[in-house]
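Student: Have a look at this fold, sequence not included:
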């Protein structure tokens, strides 16, 4: 099955700095890569996603880049704010009719005011 | 508020017991997914139902079972509980049959503690 590794497991940044979280996957047929944000006591919430036919996608302060050759994708958050503090999960949907999203183990981001 | 409702929010029980977790999906969503979240394993996919039928199965133990009812709500049954079953159980819903056809909306989870 699909293997998803996420790094780092924890990340602390100063308010206003950028944060980058990286995920690697094993199945070259994977075609859908969402990122979820989980705040304390809540369920994960989709913040951005990218499909395999696109290399980069931006939405205001967040962006995701995909390198299919190297089988990795990254979440970039610019101008971080305290409300960005949360656990972030990457996920991968394998190709060939898979219906199962495989999640990374999460990155706890702390933005220090 | 995601629109996905899970009950109960917290549940404490003993080893060997059986519990039922309930999920009401967002209005209009036909798919329901169940995930287990533990500290060391992250989010593990258990099972998915689409419009009443089982669609995909992940790492779900034989002691666990689920179903989706005609009104589209779903229940996850956990039996012969063990200490290691203590975790957060999330339900998510989406419109389509596949996770990439629409956003997955997660509930706030049911925290199960097995003593």
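Tutor: Perfect, I can see it now. Small disclaimer: the values here were computed from a predicted structure and weren't measured.
Student: Show the contacting residues for residue 35.
Tutor: Picking chain A for this. Contact partners of residue A:35, counting by C-beta atoms under 8 Å, 6 or more residues apart in numbering or on different chains, are A:46, A:47, A:48, A:49, A:62, A:64, A:75, A:88, A:89, A:90, A:91. Placement of C-beta: from N, CA and C, glycine included.
Student: wait, chain B
Tutor: Here residue B:35 is in contact with B:43, B:44, B:45, B:46, B:89, B:90, B:91, B:92, B:106 (criterion: C-beta under 8 Å, 6+ apart).
Student: Among those, which one lies nearest to chain A?
Tutor: The nearest member of the contacts of residue B:35 to chain A, counting by C-beta to the nearest C-beta, is residue B:106 at 3.1 Å.
Student: What is the neighbour count of that closest one?
Tutor: 23 (other C-beta atoms under 10 Å in any protein chain shown).
Student: With residue B:60 instead?
Tutor: By other C-beta under 10 Å, 16 other residues sit near residue B:60.
Student: In terms of helix, strand or coil, where does residue B:45 fall?
Tutor: strand (DSSP: H, G, I helix; E, B strand; the rest coil).
Student: Touching, it and residue A:99? I think so.
Tutor: No: assessed by C-beta atoms under 8 Å, residue B:45 is found out of contact with residue A:99, at 9.1 Å.
Student: on that earlier part again, Serialize the contacts of residue A:35 to a markdown table and add fields for pLDDT, neighbour count and secondary structure.
Tutor: Formatted as a markdown table, the contacts of residue A:35 follow (pLDDT from 0 to 100; neighbours: other C-beta atoms under 10 Å in any protein chain shown; DSSP: H, G, I helix; E, B strand; the rest coil):
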| residue | pLDDT | neighbour count | secondary structure |
| --- | --- | --- | --- |
| A:46 | 95 | 17 | strand |
| A:47 | 96 | 18 | strand |
| A:48 | 96 | 19 | strand |
| A:49 | 94 | 19 | strand |
| A:62 | 98 | 18 | strand |
| A:64 | 97 | 24 | strand |
| A:75 | 98 | 25 | strand |
| A:88 | 97 | 24 | strand |
| A:89 | 96 | 26 | strand |
| A:90 | 97 | 27 | strand |
| A:91 | 95 | 26 | strand |
